[in-house]
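>>> Compute the structure for the input listed below.
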Amino acid sequence: MRFKSWLGASRLPPQGPQSELGVDPSAAVRHVVFDYAMTLAMGISMALIFKALHWPLPWMLGPLLAVSMASIMGFRTRSYVPFRNFGQWIIGMALGLYFSPDNAHVIAHMWWVIVLSVVWALFIGALFGAFLFALNRHSIPGLTLGTCVFSSAIGGASEMTLLAEREQVRTDLVASAHSMRVMVIALVIPFTLKGLGIQGSNALLSNVHEFDLMGFGELCALSAVGVYFLKKWGRANPWFLGALLISMGLATDGIYLSGVPGWMVNAGQMFLGVSLGVRFTKEFIKMAPRWLMTVVMGSLLLVIACSGFAYVMAQLDDQNLLTLILGTAPGGIAEMALTAKALQLAAPLVTSLQVCRLISVLFLLEPFYRHGIKRFETAEKA
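Numbering: from 1, shown residues only. Just a heads-up that it's a prediction; the model follows:
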């Protein structure tokens, strides 16, 4: 009976004081727990199917597809924020372990590739914003160039939405654009590379460590400190970046406390996939369909353009083309780094390129908007 209710119930719980609605608080809690359990069960089931079919990133893409389709169909799916944070924390620690002293030395010699990648990201993001503005300015009343700039910047969805809220532009369009872009790229790139039979073998990946219970506890404690300070300073994506920076710093100095168990990494990927999937509700798809369609079109064009840029960089520096494609791809850090890991490409280099780009966009986008785009919009109104 409860399963049947889950299939047909609305996604949102009743609003207002429970005493007035006559709702038993304990029953409401049980329903919420049941929703979480059903969502996770669906994600695990699809992950196992993906794994049996040997499809890429089964523990992230399987739950992402299953939960997003269920959400769009009206099922009452839920994502538990602490689970998502746990996933980002575990993935950050695991990826940081690949930054051995030798790997760090190789990456340091590629500083100019990283700088050019940052400049490219800012440039192509601006073009994407102009693309969105040109195609939607007449169909969405009150659409501003500023909204399109924050929607098109190649950064994290939550970070760009917060910046957009601070600058008082339309956060609903910004959040939907980034959610759609990340989902499209998280699906397109891994499946495309897997379909082409891509499988690398890069020396930067050969840095796997055995699990040690005591050492793992120390690693968790230290990375939690990194998470705490990034959260206290209001930095973007603290659970992932805080754990990544601590783990990376230890590995770069040759301090190896412990590896991260594979089942934890799989669980982290699943929680990440579920957290992305629950965003795609019926209401989300119905909201400005032309806007979402142009975001999908633009995202695919971004993949092509960034792949072309990666090809040029690979020719100039004699680097692995696929590694640079993932490093410059306009997707999320964790998604692209996990794809590199799964395909046995240089996960440290991919992570470095993605992290440097994110940090640069976060620091440079707001001044660019305030001193460039906002002044332009004010002059236009005048």
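
>>> Next up, the contacts around R166.
Going by C-beta atoms under 8 Å, 6 or more residues apart in numbering, R166 touches E366. (Glycine included, C-beta is placed from N, CA and C.)

>>> my bad, M110
Taking C-beta under 8 Å, 6+ apart, we find M110 in contact with D317, Q319, L349.

>>> The last one is in contact with I107, isn't it?
Yes - the pair formed by L349 and I107 meets the contact definition of C-beta atoms under 8 Å, at 5.9 Å.

>>> And these two? Which one has more around it.
For the pair L349 and I107, the greater number of neighbours falls to L349 (28 against 20), based on other C-beta atoms under 10 Å.

>>> which stretches of the stretch 1-150 of the chain have low pLDDT?
Within the stretch 1-150 of the chain, the stretches with pLDDT under 70 are 1-25.

>>> one more time with 80
Along the stretch 1-150 of the chain, segments meeting pLDDT under 80 span 1-31, 54-57, 95, 98-100, 102-107, 142.

>>> now the one helix or strand S307 maps to: how far from the chain's centre is it?
For S307, the host element (DSSP states H and E) is helix 289-317. In terms of C-alpha atoms, centre = their mean, to the nearest Å, the centre of helix 289-317 is found 16 Å from the chain centre.

>>> And stretch 61-75, by the same measure?
With C-alpha atoms, centre = their mean, you get 17 Å for stretch 61-75.

>>> that older thread, out of the contacts of M110, which one sits closest to S223?
Relative to S223, the closest of these is L349; by C-beta to C-beta it sits at 21.4 Å.

>>> Against D317, how distant is the closest one?
Using C-beta to C-beta, to the nearest Å, we find L349 at a distance of 11 Å from D317.

>>> Check I107 too.
12 Å.

>>> do the same with F99
Look at F99 and D317: by C-beta to C-beta, they are 19 Å apart.

>>> Likewise for A47?
For A47 relative to D317 (C-beta to C-beta), the value is 36 Å.

>>> the more surrounded of those two?
Comparing A47 with D317 by neighbour count (other C-beta under 10 Å), the higher total belongs to A47, at 25 against 13.

>>> wait, doesn't the more buried one sit right on A267?
No - the criterion here is C-beta under 8 Å, and A47 misses it with A267 at 10.0 Å.

>>> joint contacts of the two?
What both A47 and A267 touch, as defined by C-beta under 8 Å, 6+ apart, is the set W59.

>>> Next, D318: phi, psi?
When read as degrees, to the nearest 10, the backbone of D318 gives phi 60, psi 50.

>>> so how far is the first residue of stretch 320-337 from its last?
When the termini of stretch 320-337 are compared using C-alpha to C-alpha, to the nearest Å, they are 15 Å apart.

>>> Give me the nearest residue to L250, chain neighbours excluded.
Closest residue to L250 apart from its sequence neighbours, by C-beta to C-beta, 6 or more residues apart in numbering: L257 at 6.7 Å.

>>> any idea how far the one you found is from L219?
Separation of L257 from L219 (C-beta to C-beta): 4 Å.

>>> swap in A164?
Applying C-beta to C-beta to A164 and L219 gives a distance of 35 Å.

>>> got it, and V225?
Separation of V225 from L219 (C-beta to C-beta) stands at 11 Å.

>>> Within the helices and strands, which one has S179?
Secondary structure assigned from DSSP H and E places S179 in helix 171-195.

>>> Give me the buried stretch members for that helix, please.
Neighbour-count burial for helix 171-195, counted by 16 or more other C-beta atoms under 10 Å, picks out 171, 173-190, 193-194.

>>> same check, this time on stretch 125-135
Under the neighbour-count criterion of 16+ other C-beta under 10 Å, stretch 125-135 has G125, A126, F128, G129, F131, L132, F133, L135 buried.

>>> Nearest to I359 among these?
The closest of these, once distances to I359 are taken by C-beta to C-beta, is G125, at 14.3 Å.

>>> what helices or strands is the host helix or strand of that closest one leaning on?
If you go by DSSP H and E, G125 is part of helix 111-136. Helix 111-136 is packed against helix 145-152, helix 289-317, helix 321-328, helix 347-368, with contacts defined by 3 or more C-beta pairs under 8 Å, 6 or more residues apart in numbering; DSSP states H and E.

>>> Ok, which of these comes nearest A251?
Between A251 and the helices and strands packed on helix 111-136, the tightest spacing by C-beta to C-beta is seen for helix 347-368, at 9.0 Å.
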